[in-house]
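Undergrad: Sequence and predicted structure below; questions after.
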Amino acid sequence: MCCRSVATRKHRGDPLPPLACSLRCGELMMNVELISANRLEPHHVAAWTDVLRLQPSLDSPFFTPEFTQVVASVRKDVEVALLYDDGRLAGFFPFQRTRMNVAVPVGAGFSEFHGVIASPDLRWSAPELLRGCGLLAWKYDHVPVSQEPFARFHQRVGNSPFMNLTDGFGAYCAERQRSGSSVVRKTARKLRKLQRKVGQVCFELHDGGQRGLEKLIEWKSAQHARTGVIDVFRRGWVTDLLRRVHCHQDTAFSGVMSVLSVGGQPIAVHLGMRTGTVAHMWYPAFDTDFGEYSPGMILFLEMARELAKQGVVRIDLGPTPQRYKQSLRSGDIAVAIGTADRYLLAQLGRQAWQAGRRQVRASILAKPARVPARWLYRVRQWRAL
């Protein structure tokens, strides 16, 4: 049986008063303190970084304190739960609080890894964590399945592919060839064709100016218009987030704005992030006039070559199932989609609703239900931003 005691203090001028909560399960005592993410102190960041060193499975730019701080600089709803074990700061749970005390990941819609950052010896459960945060639920879509306390809330499990550069770029290319993938050979051929027919090709791993970022926004907005996808750049905080990531440069967390140019003009760009050893493919775009040369693929492989030289051993490609990612992948990280509920009754109700959805999709009602379902999905997407 678990018991909880909560004590709060109001701080004048602080929009989010700290909340301290003690959770006891058996012999376990875990204290939860809530703070606004923009109130993270240097000692919090240092402790967070220490935890990441103990948890190789959390080696991703999205799990760093810097990513949470960058998002908090453009949004006011980012909070961090500080998890204490016998007085020791042993874990962190960053999230965004939405309506009705339902939380989503930090940078929801743009975060491709998220979860609890905790020491291996910290025992915790999802319902008690939510109780300590004053939350009813937490919706997630890219939680590593290694975070076992969330396992019973998973609705679906999938794979997030990555490029393995542990032994260098040459070894990666050789592994791709042995696996039957022709991506490296075909991309090299298209690069030679581009140079022969158009002109000298230049690659820059990180462009600190604004040219690459402006092209990224321009091309992505055009792509959204062509495909009927919501243009996320109409939300000011999204553009601000990309600009902040682009400008953030330190050893723990850096934005990487890569540019492929011909004759001085960009034809493919990519904004990603990296730690010292792991990079993440995040926002690519290219000039459709050069589509026959696969400029995006040329850019990705040049990025991999240069990042490997700088000590990066893995490039995460993100969980979306594009075909080009499958041609680049060396392996996968299992991730899950679901909603962690504080109360069992809410979890059972959600499971019943999901079962009903599956029955509709398998019935003759699937086709007529598709149009309103798509409209509602677009509305939810827009509201989530």
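TA: That came in fine, so what should we check first? Numbers count the residues shown, from 1 in each chain.
Undergrad: Show me what secondary structure element comes after the helix or strand that K325 is a member of.
TA: Assessed by DSSP states H and E, K325 sits inside helix 323-328. As assigned by DSSP H and E, the chain's next helix or strand after helix 323-328 is strand 331-341.
Undergrad: avg pLDDT for that next one?
TA: Averaging pLDDT along strand 331-341 gives 95.
Undergrad: Name the residues of that strand that are buried.
TA: Applying a neighbour-count criterion of 16 or more other CB atoms under 10 Å, one finds 333, 335-341 buried in strand 331-341. No exception for glycine: its C-beta is placed from N, CA and C like everyone else's.
Undergrad: just to revisit the earlier point, output the contacting helices and strands for the helix holding K325.
TA: strand 154-164, helix 183-197, helix 295-309 (3 or more CB pairs under 8 Å, 6 or more residues apart in numbering; DSSP states H and E).
Undergrad: Now do the end-to-end distance for stretch 164-182.
TA: Terminal residues of stretch 164-182 lie 17 Å apart, using CA to CA, to the nearest Å.
Undergrad: Flag every buried residue along it.
TA: 165, 169, 172-173, 176, 181.
Undergrad: Make CSV from those residues and add pLDDT to it.
TA: What follows is the buried residues of stretch 164-182, written out as CSV (pLDDT from 0 to 100):
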residue, pLDDT
L165, 98
F169, 97
Y172, 97
C173, 96
R176, 94
S181, 90
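Undergrad: what are the ranges of the helices in this protein?
TA: Assigned by DSSP state H, the helices in the chain fall at 42-54, 65-72, 126-133, 169-178, 183-197, 211-227, 236-247, 295-309, 323-328, 344-361, 366-384.
Undergrad: I'd like these as CSV, with distance to A151 appended.
TA: What follows is the helices of the chain, written out as CSV (distance: least, CB to CB, whole Å):
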stretch, distance to A151
helix 42-54, 21
helix 65-72, 24
helix 126-133, 9
helix 169-178, 31
helix 183-197, 34
helix 211-227, 35
helix 236-247, 30
helix 295-309, 33
helix 323-328, 26
helix 344-361, 13
helix 366-384, 24
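Undergrad: Could you say which of the ones you listed is packed most deeply?
TA: helix 65-72 (a mean of 24; mean count of other CB atoms under 10 Å).
Undergrad: Can you tell me what sits against it?
TA: Applying CB atoms under 8 Å, 6 or more residues apart in numbering, the contact partners of helix 65-72 are 36-38, 40, 44-45, 48-49, 61, 78, 80, 92, 94, 106-107, 241, 244-245, 248, 250, 252-253, 273.
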